[in-house]
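Trainee: got a predicted model here, sequence first, then my questions.
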Amino acid sequence: MEADKELNLEGLSCPVPIVMTSETVKKMKEGEILKVIATDPGFERDLWNWAKQTKNEIIDIRKNGTKTEAYIRKVSSSKEPSLWYWIKFHSLGVKLHLKMFLLELNPFVQKPDHYITFVAISEGTRAEKYLKGKEKATLLPVPDEIDPRCGVVLAVKGFEKAKRIYDILLKEGFGVEAIYRRKGKTYEKIYPIKE
């Protein structure tokens with residue numbers, strides 16, 4: 001497939017590949033095609049969510065071992081996030097990692113043992129805002145043992161609470177994925193279970 005521009009992002013980790021893709025597409029003309037090569041394991045998922053938000057068209061995505069090769073067409077009605085958006089996005093990651101570190105260190109805080117995952121970071125941050133004043137849940141970075149890609153989880157104590165929040169968010173149209181339970185240093189998916 002012919003591309004007007006090519007972006008090689010091999011070796012870069014989230015959120016850099018999606019940020020650079022977005023910034024490159026922003027500078028392109030309507031109808032131009034960008035070929036992106038990335039090795040970040042979460043890039044494809046991030047790309048689909050970005051395309052849904054910006055209205056740009058993903059023409060094709062191919063996998064070649066650890067590489068993802070994507071072809072994206074700039075659409076005239078697209079709206080790429082600003083650089084300021086990406087700066088805030090990156091600072092959110094730093095803030096959440098610090099919050100997780102402090103939570104682990106504080107002996108006076110009840111530790112969460114159930115984690116609700118989302119299809120995209122934006123869904124998790126929207127869910128946290130939606131739940132404020134309704135349900136207490138802590139937004140944290142997704143543990144590597146659940147998913148090594150970029151992401152967020154809502155962390156709570158107890159399955160009943162996790163299930164109640166999951167059901168509320170699902171009913172309200174949020175992109176919830178699953179509930180994981182922490183057992184020591186491991187995490188197991190406990191809901192929904194496919195047979």
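Mentor: Yep, it's here. Residues are numbered from 1 along each chain as shown.
Trainee: contacts for the lengthiest helix in the chain, please.
Mentor: Ranked by residue count and defined by DSSP state H, the top helix of the chain is helix 83-105. Applying C-beta atoms under 8 Å, 6 or more residues apart in numbering, the external contacts of helix 83-105 come out as 15, 19, 22-23, 81, 109, 111-112, 121, 125, 138-141, 150, 152. Using the backbone N, CA and C atoms, a C-beta is placed for each residue, glycine as well.
Trainee: how far is whatever helix or strand comes next after that helix from where the chain is centred?
Mentor: Heading C-terminal from helix 83-105, the first helix or strand you meet, by DSSP states H and E, is strand 114-118. How far strand 114-118 lies from its chain's middle: 12 Å, per C-alpha atoms, centre = their mean, to the nearest Å.
Trainee: that's a strand at residue 166, yeah?
Mentor: No. Under DSSP: H, G, I helix; E, B strand; the rest coil, residue 166 sits outside any strand and is assigned helix.
Trainee: can I see the domain layout of the chain?
Mentor: The chain is divided into the following domains under automatic domain parsing: 5-73, 110-191.
Trainee: endpoints of the shortest one, how far apart?
Mentor: Domain 5-73 has its terminal residues 11 Å apart, counting by C-alpha to C-alpha, to the nearest Å.
Trainee: from residue 193, how far off is residue 135?
Mentor: 23 Å (C-beta to C-beta, to the nearest Å).
Trainee: ok, the two, which is more surrounded?
Mentor: residue 135 (16 against 8; other C-beta atoms under 10 Å).
Trainee: could you find the closest non-adjacent residue to that one?
Mentor: Spatially, and ignoring its direct neighbours in sequence, residue 135 is nearest to residue 165 (5.3 Å; C-beta to C-beta, 6 or more residues apart in numbering).
Trainee: from what I can see that neighbour touches residue 139, true?
Mentor: No. Residue 165 lies out of contact with residue 139 (C-beta atoms under 8 Å); the separation is 11.9 Å.
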